[in-house]
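This is a predicted model, with the sequence first.
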Amino acid sequence: MVEWRDQNPPPATMMIISNQVGSQFSWDLVRLQQRTLYNLFLAYSVRPVFSIVLSTSQEWRWKELLQNKRSAPLVVVQGAKLYCKSCNYGSQRLKKFRKHLSSYNHAREEGVTTVYTNVERVTADWGRNYKATPEFATAKIQVWWDMFDCPIPQGYDARQVRPSIEAAFKELGYSGPVSITAYGDHKHTPLQALSSTGVHVAHAVPGVEYKRMAGDVREWHADNPPQTAAIMMVISDNVDIISIGLVKLLQENKYNLFLAYSFRPYQMSYLLTSAEWLWESLLAGPLTKHSLLSESESSVSTAMFHCKLCRFDTISIDNFRAHLLSDEKHAQEVNSDMITEIKPESGEYRRTLNLSYDRQAFHYNSLVKASKKTTLLLQKKEKTTLQQAAQGKTAVYWDYENVPVPYDFPAETFTSTS
């Protein structure tokens, strides 16, 4: 599949017929789809127990697909290729291929071939901090900063945060406009210094910032059409909380993702990033030509101030400070708003497959259910029909061992099913 993708750039379509997509292929496929988006069709004889974070254009139950009454007339296709993956042997002649399968050399090769229970992860060694491509070099960058996880270091001038972040971007060739929103308890942050550099302020309490951040991601996505190049950055140690929503966006839109965290995660995420930094290393980077604002300039706020607990917004730092001191109710968040997982779509609760991967084992974690109030609703990608997909190349990978032709179905007619 990876080789075919390298040789056939989009627009094109892949179809996988297997019950093993969730357990074997999805981690790599999710990352591959975030880099290069193909139409993706799935068929399986057993519906997955877990909700897979792969964005698909269409899915079918295998028997229903074969019994489709709209099947096209039988067409004989010449030139099918026959492969023996154990021996790395290929032929277009059926008689010759059958002879190979019954040969001593083939039996010996299958006898000594190691059986792997897990598929090798082809994207596990992909690097980070790629130089900007022309398409993304001037794209807008939206930063969501969790100050609870990644606070301003003691003794660090808060006015250096924005220029330090922008300097790191420019080192990689990104020069587009940057917008930063800082989520934290802003009764105890240097509001004046932050806002004077254009950092937007979002007041929240621990456990609530992710719900508010998810809502802001949704609003930002609505303002950035799918075909417009843009960059998202999350500064947090708990990006997995909103990762299901993010990975949907990355698969279905022309977005790149940056991450920063106070400590490096012990296991690799299915989120595909273009750049990652340790938080304090990011702040310690060279500022190059950036300079701090003078005292007179810093007295004027250029940012928006939001109280995410009360839905209060203002452009006045004095009004914002007065609001934070006026009533304690906004500092008490209702338990129903405390969340540990943002789901990408509303509807029935389903167990969600967490595709975190740590090179040693492939982890499956049943994640905590989120209430419908906390659901991150995304613009749904329009389903691609078979007729639309037929306009480009299509590759079908069929796991015959797990999804065979039913005993009562004529095998010679399955290619005419659509």
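Ah, there it is.

Do I have it right that residue 228 meets residue 254?
Yes - contact criterion CB atoms under 8 Å: residue 228 and residue 254 qualify, at 6.5 Å. Every residue, glycine included, has its C-beta placed from N, CA and C.

more neighbours, these two?
residue 254 (16 against 12; other CB atoms under 10 Å).

how close does that one get to residue 164?
To residue 164, residue 254 is 27 Å away according to CB to CB, to the nearest Å.

Which residues in the helix ranked longest in the chain does the neighbour count mark as buried?
In the chain, taking DSSP state H as the definition, the longest helix is helix 209-222. Using 16 or more other CB atoms under 10 Å as the test for burial, helix 209-222 gives 209-214, 216-218, 220-221.

lowest average confidence, helix or strand, in this structure?
helix 295-298 (a mean of 40; mean pLDDT, DSSP states H and E).

That one: what's the following helix or strand?
strand 305-307 (DSSP states H and E).

list the contacts for the spatially most central residue of the chain?
The centre of the chain sits closest to residue 247, judged by CA atoms, centre = their mean, with a distance of 1.9 Å. Residues in contact with residue 247 (CB atoms under 8 Å, 6 or more residues apart in numbering) are 30, 34, 53, 270-271.

Which SSE is immediately downstream of the one helix or strand it maps to?
Per DSSP H and E, residue 247 falls inside helix 243-252. The helix or strand immediately downstream of helix 243-252 is strand 255-261, counting by DSSP H and E.

Kindly indicate whether residue 233 is helix, strand or coil.
Per DSSP: H, G, I helix; E, B strand; the rest coil, the local secondary structure of residue 233 is strand.

can you pull up the bridge partners for the nearest residue to residue 39 once chain neighbours are set aside?
The shortest distance from residue 39 to any non-neighbouring residue, by CB to CB, 6 or more residues apart in numbering, is to residue 13 (4.1 Å). Under DSSP bridges, the beta-bridge partners of residue 13 are residue 39, residue 394.

got the contact list for residue 13?
Per CB under 8 Å, 6+ apart, neighbours of residue 13: 38-41, 57, 384, 389, 392-395.

now those as TSV including distance to residue 3 and pLDDT?
Output for the contacts of residue 13, formatted as TSV (distance: CB to CB, whole Å; pLDDT from 0 to 100):
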residue	distance to residue 3	pLDDT
38	14	90
39	18	91
40	17	91
41	19	92
57	22	89
384	23	56
389	20	55
392	17	71
393	14	82
394	16	81
395	10	84
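
now that we have those, which one has the most neighbours?
Going by other CB under 10 Å, residue 38 tops the contacts of residue 13 with 25 neighbours.

and residue 355, what pLDDT?
On pLDDT, residue 355 comes in at 39.

Closest one of the buried residues of helix 209-222 to residue 202?
Proximity of the buried residues of helix 209-222 to residue 202 (CB to CB) peaks at residue 212, which lies at 6.4 Å.
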